[in-house]
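> sequence? don't have it. structure:
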């Protein structure tokens, strides 16, 4: 198969399209290839960077302002040059159908301009930064033309003036800017320095300013100011005396002056050598001839006082007001000083030993004496039966009146002290406030010199030995004035009767930590307790309960009589049944008759043939069944010493809760270290004391006790153990 290619042939700037047929032996159909004819549109827009809108693609003029674009044969459109800040002539060109190259398609650019204008409120101001730096006219206005996109800073300027704002910065301008205004202000300059002293008037400067602290001054003057400055203050001279300024155009600093004050002399005599002239500068001292002299500043004012220990002067002082000349013959005369020592000691008739002639205080305890200047001694007030505070006063070289040299007088007191053994005992008869012994039983009281009286100790519930102590004319401390107390006893007594009012004997009465007693045939008991005892008493006897179960007592301060209880005998039930064969018999009369023939209870069997009768604790007797028409075998049943419920002829076992474990021993309890750790605890009601020594621990309802087989034994202070029992002397092993 043969193939030929189509080639492009250029002729005369146009492109001719030649179509060549590809011939194949098999005469197959072939495709065509074509190329469009294009032309050039070119020219100048006068400046670079102009976008030629409307031409195909993105066409922008080059650095020379030239552009060129390729368009297809027959292209049509409108071309518009565009660059920000410019207009073009023509504004655009229209192409209806391009059939040839279009050269010299040129445009002329024209820059866009805007106006910046405003006022500066005065003429002749140069507006630096604007094109041509325009100057404000007679009305202060200005105007300038700037090209599109102009940017810069406008700074108004005129000699001797400042402006607000000082300048204005502009970003690229894209519109007219009006009312770009400034305000002017006359420029001021600073003249500053020191004149050496405060209060100096700087005459000639605006408003004649006065120097402040340190002599510093500072003032503003207008630009171009001229004048002469003269520092002025009464009593001073200055160097230089003045300064002249002509057309000031810059700040003037360090414009200093030296101030020198005028001085004068004050002189005279004080009548003797060594007198200090207080109040004069340097406080001069008179010479051997009594003469003094001092230099003072102009306008000196003050009080001059001659001083010397032991002397007064006439006149006492001289007052000077604004010295403006020398003051000669300013003289004084001297005289030796007498001084007074005076005060009170609070008592009349006190001898003031040590003062001249040992004066005695008069009414109100006052005294007063005259001594020479520089007098020295020790003064001691004395009066029998009194002491003074301070005891004495030393004086060393008295140089001034000593008034209010006072002493406090008080009667001499002694201490009466001792022990009452117990706290809270009132020691009656001692003077002053009530004296009560402290927690350790100690007391102490103060009595005056020579006191007499009788002291009697007193406390509820106690007797004392001795009952009192007599004192006559006490002249020293009385120590070890002690008393031995004896705690008084009180009686708690009463009677225990049955519910029928009959005495009940052999009832054991236990008092907390206060012993025990047993009722006699008449049911009476009596306990002896300490004064102030508190606790409870509990009656116990086998087969009885008591009403009340216990009696509680607050601190006992009086005998407690008629502390009675009612003894209630415990009762138990006997339960059984009556049958014939296996058939229960109802309606059988059951009689419980004691061994002494007393009928204690009767009942009748129920539908099940069951009966229940009640009998007292320890009952011995027989149960007798009877019913008309029936005989019983046996005719009765006998019971001996009933102490529990009976059912079917057998004791009913009591269901008792497990014993409560003993509570921990109190911290104050003691126990025996030699007790056998394996020793078994035995719980039991504390109805009678154990036969062997034991430790007792109280629980809610039961006394628990544990025998300790080995001595030694020692009394215990534990509040949970009765004083009548004993406890071991060392800690017991763990429970």
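Happy to help now that I have it. Small disclaimer: the values here were computed from a predicted structure and weren't measured. Numbers count the residues shown, from 1 in each chain.
> rest of the way, CA atoms for contacts and neighbours
Will do.
> helices of this protein, start to end?
Assigned helices in the chain: none (criterion: DSSP state H).
> got a list of contacts for the biggest strand by length in the chain?
Longest strand in the chain, counting residues (DSSP state E): strand 489-498. Here strand 489-498 makes contact (Cα atoms under 8 Å, 6 or more residues apart in numbering) with 461, 503-505, 507, 519, 522-531, 556-569.
> in strands only, show me the residues you listed.
Per DSSP E, the contacts of strand 489-498 map to strands at 524, 525, 526, 527, 528, 529, 530, 565, 566, 567, 568, 569.
> mind listing what the first one touches?
Spelled out, that is residue 524. Residue 524 touches 493, 494, 495, 496, 503, 505, counting by Cα under 8 Å, 6+ apart.
> quick one: which of the residues you listed has the most company?
residue 496 (27 neighbours; other Cα atoms under 10 Å).
> on that earlier part again, and of the ones in strands among the contacts of strand 489-498, the nearest to residue 453?
Residue 453 has its nearest neighbour among the ones in strands among the contacts of strand 489-498 in residue 530, at 32.6 Å by Cα to Cα.
> surely residue 470 meets residue 451?
No - using Cα atoms under 8 Å, residue 470 is not in contact with residue 451; the gap is 11.0 Å.
> which one's more surrounded, these two?
Ranked by neighbour count (other Cα under 10 Å), residue 470 and residue 451 place residue 451 first, with 16 against 10.
> tell me the contacts of that one?
Residue 451 makes contact with 471, 472, 473, 474, 475, according to Cα under 8 Å, 6+ apart.
> report the beta-bridge partners for the first one.
Beta bridges link residue 471 to residue 453 when assigned by DSSP bridges.
> what about it, neighbour count?
Neighbour count for residue 471, taken as other Cα under 10 Å: 13.
> ditto for the second one
For residue 472, the number of neighbouring residues by other Cα under 10 Å comes to 10.
> on the pLDDT front, check it for me.
As predicted, residue 472 sits at a pLDDT of 94.
> burial of the nearest residue to it once chain neighbours are set aside, as a residue count?
Taking Cα to Cα, 6 or more residues apart in numbering, and ignoring the residues beside it in sequence, residue 472 has residue 452 as its nearest neighbour in space, at 4.3 Å. Residues lying near residue 452 (other Cα under 10 Å) number 16.
> show the pLDDT at residue 452.
For residue 452, the predicted pLDDT is 94.
> mind checking how far the closest residue to residue 244 other than its chain neighbours is from residue 247?
Nearest residue to residue 244 in three dimensions, chain neighbours excluded: residue 228, at 4.1 Å (Cα to Cα, 6+ apart). When distance is defined by Cα to Cα, to the nearest Å, residue 228 is 12 Å away from residue 247.
> how about residue 572?
Residue 572 is 141 Å from residue 247, where distance means Cα to Cα.
> again with residue 499
138 Å.
> which residues of the protein score low on pLDDT?
1-34, 654-735 (pLDDT under 70).
> list the contacts for the residue most central in space within it?
By Cα atoms, centre = their mean, the chain has its centre lying nearest to residue 439, at 38.1 Å. Contact analysis of residue 439 by Cα under 8 Å, 6+ apart lists 422, 423, 424.
> and if you look at residue 368?
So residue 368 contacts 340, 341, 342, 343 (Cα under 8 Å, 6+ apart).
> burial count for residue 311?
16.
> so what's the nearest residue to it once chain neighbours are set aside up against?
Residue nearest to residue 311 in three dimensions, not counting chain neighbours: residue 336, with 4.3 Å by Cα to Cα, 6+ apart. Shown in contact with residue 336 (Cα under 8 Å, 6+ apart): 310, 311, 312, 373.
> from residue 311, how far off is the residue lying closest to the first one once chain neighbours are set aside?
To tie it back to what came earlier, the one meant is residue 310. Once flanking residues are discounted, residue 310 sits nearest to residue 337: 5.0 Å by Cα to Cα, 6+ apart. Here the criterion is Cα to Cα. By it, residue 337 lies 5 Å from residue 311.
> please apply the same query to residue 281.
22 Å.
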